[in-house]
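In: pasted the sequence and its predicted model underneath.
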Amino acid sequence: MGNTLRSVLCQSLDSLEVVIVDDCSSDDSVARIREIDDPRIRLIVNERNLGPGATVNRAISESTGEYVTFIGSDDEMFPDALARKSAILDSDPQIGLVYSDAAIIDADSKPLGRYWASEGYAPLRGRLSLAMLASTGLFIPAISVLVRKSCLVQAGPMDASLRHAHDGDLWLRLAALAPIEFVDEALVGWRKHGLNLHQTPDPAGYAERSVVIARILAANSWAAPRWTHRGLVANPLLQAVAIAFRRDPKEARDYLMQAFRLCPYHPLLPLLYLNTFLDLPALWDVGIFKRLLLRLVNPSRKSA
């Protein structure tokens, strides 16, 4: 918490408001924040645990600035992060959201690499599109984002019922309203340490992304050709299959059947079903699997 808050308060941007919402934390965070004598800080303590989506919504509603960014209790902003992004929004009133690359950092703030290079997807710009739905839209780290408050009001709040994809759902809704822009430079640090560095992704998160994409397509049918809709909704379920199989083959086959009902002619379905018996390790590698999905959407795309 200490390094995170210091990195925000040391931003080179002149005008800054820091809204901290404590969601019933069990440590001494609230007491430590109250000891900081800085008029830019406003502390709000939830009376009961609301969860990530509802807590972010409360922070947004309490904010008074023109632009809004997000940061968890473990990450860091580099000194010019907000100034660089706000300058882009100032220069083009059409842009609704700007995001940057992120340095992956360890517990000692040592850089371990760049986020987008490790993710395997290419960051995108512009309005909601087929490529965004197939790749980037749900994978933008919240700490890397700066968004117009007016666009947040127009898009509506984060869906508090989503436990994993609440932020990605919001990014896609924002991209449907206004173009987004990308800064190809690591302006923030996304911390990976002993507690989360080797954590296996949750297949339920990918299943949730399937729900989000279905909803976005229903509201924005122009964003992708009609024939691709079922495949776009099924793809996150197939990633859930690849993750789940190692811990529970039955759970993996449940996700596989959901994908089959959505898109029975998806070209990867027979391969994955066969692999539930053959168990070829490469096909359960999520990095390889994501590249296969991107190849299906854009065969001319080079491998990352």
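Out: Sure thing, it's come through. Since we're looking at a predicted model, the values are computed, not measured.

In: CA only for contacts and neighbour counts going forward, please
Out: Fine.

In: run through the strands of the chain in chain order.
Out: 18-22, 41-45, 67-69, 76-77, 97-105, 111-114, 145-148, 180-191 (DSSP state E).

In: what's the closest of these to residue 2?
Out: Ranking those by their distance to residue 2 (criterion: CA to CA) puts strand 76-77 first, at 10.0 Å.

In: okay, now the sheet partners of the closest one, with direction.
Out: Paired strands of strand 76-77, with direction, are strand 180-191 (antiparallel) (DSSP bridges).

In: name the residues that touch the partner strand?
Out: Outside strand 180-191, the residues within contact range by CA atoms under 8 Å, 6 or more residues apart in numbering are 74-78, 80-81, 85, 95-107, 109, 114, 123-127, 143-144.

In: so where's the protein shaky on pLDDT?
Out: Per-residue confidence for the chain (pLDDT under 70) gives these ranges: 1, 120, 136-137, 193-200, 283, 286-304.

In: before we move on, the earlier item: of the contacts of strand 180-191, grab the buried ones for ChimeraX.
Out: Provided next is the ChimeraX selection string for whichever of the contacts of strand 180-191 are buried by 16 or more other CA atoms under 10 Å:
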select :74,75,76,77,78,81,85,95,96,97,98,99,100,101,102,103,104,105,106,109,114,123,124,125,126,127,143,144
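
In: in CSV, list the strands of the chain along with distance to residue 169.
Out: Below are those laid out as CSV (distance: least, CA to CA, whole Å):
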stretch, distance to residue 169
strand 18-22, 21
strand 41-45, 25
strand 67-69, 16
strand 76-77, 23
strand 97-105, 14
strand 111-114, 23
strand 145-148, 14
strand 180-191, 14
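
In: which one of those strands is the most hemmed in?
Out: Highest mean neighbour count among the strands of the chain (mean count of other CA atoms under 10 Å): strand 76-77, with a mean of 27.

In: now it, how far from the chain's geometric center?
Out: Between the mean C-alpha location of strand 76-77 and the chain-wide mean there is a distance of 16 Å, by CA atoms, centre = their mean, to the nearest Å.

In: what's in contact with it?
Out: When contacts are defined by CA under 8 Å, 6+ apart, strand 76-77 is touched by residues 3, 4, 5, 7, 8, 11, 143, 187, 188, 189, 190, 191.

In: can you pull out the helices in this protein?
Out: Listed from the start of the chain, the chain has helices (DSSP state H) covering 2-9, 29-34, 52-62, 81-91, 115-119, 130-134, 149-155, 166-177, 203-219, 229-244, 249-262, 269-278, 286-297.

In: most packed of those?
Out: The highest mean neighbour count among the helices of the chain belongs to helix 229-244 (a mean of 26), with neighbours defined as mean count of other CA under 10 Å.

In: that one vs helix 249-262, what angle?
Out: If you take axes from the mean of the first three to the mean of the last three CA atoms, to 10 degrees, helix 229-244 sits at 170 degrees to helix 249-262.

In: what angle do helix 229-244 and helix 203-219 make?
Out: Put simply, helix 229-244 runs at 170 degrees to helix 203-219, going by the same axes, to 10 degrees.

In: by contact count, what packs against helix 229-244?
Out: helix 203-219, helix 249-262, helix 286-297 (3 or more CA pairs under 8 Å, 6 or more residues apart in numbering; DSSP states H and E).

In: of those, which is nearest residue 118?
Out: Between residue 118 and the helices and strands packed on helix 229-244, the shortest separation by CA to CA is 9.2 Å, and it involves helix 286-297.

In: quick revisit: okay, the helices and strands packed on helix 229-244 in CSV with distance to residue 166 next?
Out: Rendered in CSV, the data for the helices and strands packed on helix 229-244 read as follows (distance: least, CA to CA, whole Å):
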stretch, distance to residue 166
helix 203-219, 9
helix 249-262, 20
helix 286-297, 21
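
In: select, out of those helices, the one closest to residue 28.
Out: Evaluated over the helices and strands packed on helix 229-244, closeness to residue 28 peaks at helix 203-219, with 29.8 Å, by CA to CA.

In: what's in contact with that closest one?
Out: Counting contacts by CA under 8 Å, 6+ apart, the residues touching helix 203-219 from outside are 133, 138, 162-165, 169, 172-173, 223-224, 229, 232-237, 239-241, 243-244, 255.

In: ok so, going back, for the strands of the chain, which one sits closest to residue 269?
Out: Across those, closest to residue 269 is strand 111-114 (CA to CA), at 32.0 Å.

In: off-centre distance for that closest one?
Out: On CA atoms, centre = their mean, the centre of strand 111-114 falls 18 Å from that of its chain.

In: same question, stretch 112-130
Out: Between the centre of stretch 112-130 and the centre of its chain there are 11 Å (CA atoms, centre = their mean).
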